[in-house]
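**Student:** what follows is a predicted protein model with its sequence.
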Amino acid sequence: KNEVEQSPQNLTAQEGEFITINCSYSVGISALHWLQQHPGGGIVSLFMLSSGKKKHGRLIATINIQEKHSSLHITASHPRDSAVYICAVGSGSQGNLIFGKGTKLSVKP
Amino acid sequence: EAGVVQSPRYKIIEKKQPVAFWCNPISGHNTLYWYLQNLGQGPELLIRYENEEAVDDSQLPKDRFSAERLKGVDSTLKIQPAELGDSAVYLCASSSRPGGELFFGEGSRLTVL
């Protein structure tokens, strides 16, 4: 079993829909990262959080430390949100990251 | 401010040939990572540097892979000789501190024929 599991693996949505991507982990963590990767592009850090909730524009990230679970929400989705969203957890004293396999999101106009 | 710069973006070589990738991190970032990413997978750590010291290279296949960060700034990752299974994207990332927010380069896509 992977230490970081994301669901769903693939997600297709219509423009304007509310989107949720989930991440569950099995290790103790220092922080959880949500990352975005566009096709052929590099990876961009969206959020780094260790508790509670963070919001940036239409993106919201939440984490429940007790349940070892995080969610990334996208409100009013847009085709430009189409990308792979990767959850990664920092574990250990040096915070080495353990990555999930990513969720491929496609938003149709 | 310039982000993490990697080169080349794309490289096609025949198996058994050598290849090298270069990374220049964000200025002032002491922590530098090299990751390997296969299609449909998340990045996998190859090596992490704190300044010029390789503090975690446990996942680096040392028989064919080598890396250096001589002055604690830019870094080079080398594969010699390359094998078919090395075809992947090689990502460089930097951070201001261990476990801090990561900043990634665009990656170097390697195809081994």
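**Tutor:** Nice, I can see it.
**Student:** and the residue of chain B nearest chain A?
**Tutor:** The nearest approach of chain B to chain A comes at residue B:99, 2.1 Å away (Cβ to the nearest Cβ). Yep, even glycine has a C-beta here, placed from its N, CA and C like the rest.
**Student:** what stretches of chain A score poorly on pLDDT?
**Tutor:** For chain A, the stretches with pLDDT under 70 are A:1, A:93-95.
**Student:** before we move on, what about chain B?
**Tutor:** B:1.
**Student:** spatially central residue in it, please.
**Tutor:** residue B:34 (3.2 Å; Cα atoms, centre = their mean).
**Student:** run through the bridge partners of that one.
**Tutor:** residue B:47, residue B:92 (DSSP bridges).
**Student:** which ones are touching it?
**Tutor:** B:23, B:45, B:46, B:47, B:48, B:67, B:75, B:77, B:90, B:91, B:92 (Cβ atoms under 8 Å, 6 or more residues apart in numbering or on different chains).
**Student:** so the residue of chain B closest to chain A touches residue A:88, yeah?
**Tutor:** No - contact between residue B:99 and residue A:88 fails when scored by Cβ atoms under 8 Å: they sit 11.0 Å apart.
**Student:** between those two, which one's more packed in?
**Tutor:** residue A:88 (26 against 20; other Cβ atoms under 10 Å in any protein chain shown).
**Student:** for chain A, what spans make up the helices?
**Tutor:** Here chain A has no helices by DSSP state H.
**Student:** tell me which parts of it are close to chain B?
**Tutor:** A:4, A:30-31, A:33, A:35, A:41-45, A:48, A:86, A:88, A:90, A:94-97, A:99-102 (Cβ under 8 Å from any Cβ of the partner chain).
**Student:** separation between the nearest residue to residue B:5 once chain neighbours are set aside and residue B:78?
**Tutor:** Excluding its sequence neighbours, the residue lying closest to residue B:5 (Cβ to Cβ, 6 or more residues apart in numbering or on different chains) is residue B:24, at 4.4 Å. Taking Cβ to Cβ, to the nearest Å as the measure, residue B:24 falls 16 Å from residue B:78.
**Student:** do the same with residue A:86
**Tutor:** Distance of residue A:86 to residue B:78, computed by Cβ to Cβ: 27 Å.
**Student:** settle it for me: which of those two has more neighbours?
**Tutor:** residue A:86 (27 against 14).
**Student:** for that one, give me its contacts.
**Tutor:** By Cβ under 8 Å, 6+ apart, residue A:86 lies in contact with A:6, A:34-37, A:43, A:99-103, B:42-43.
**Student:** ok, back up a step: quick check: the residue nearest to residue B:5 touching residue B:73?
**Tutor:** Yes - if you go by Cβ under 8 Å, residue B:24 and residue B:73 touch, sitting 7.2 Å apart.
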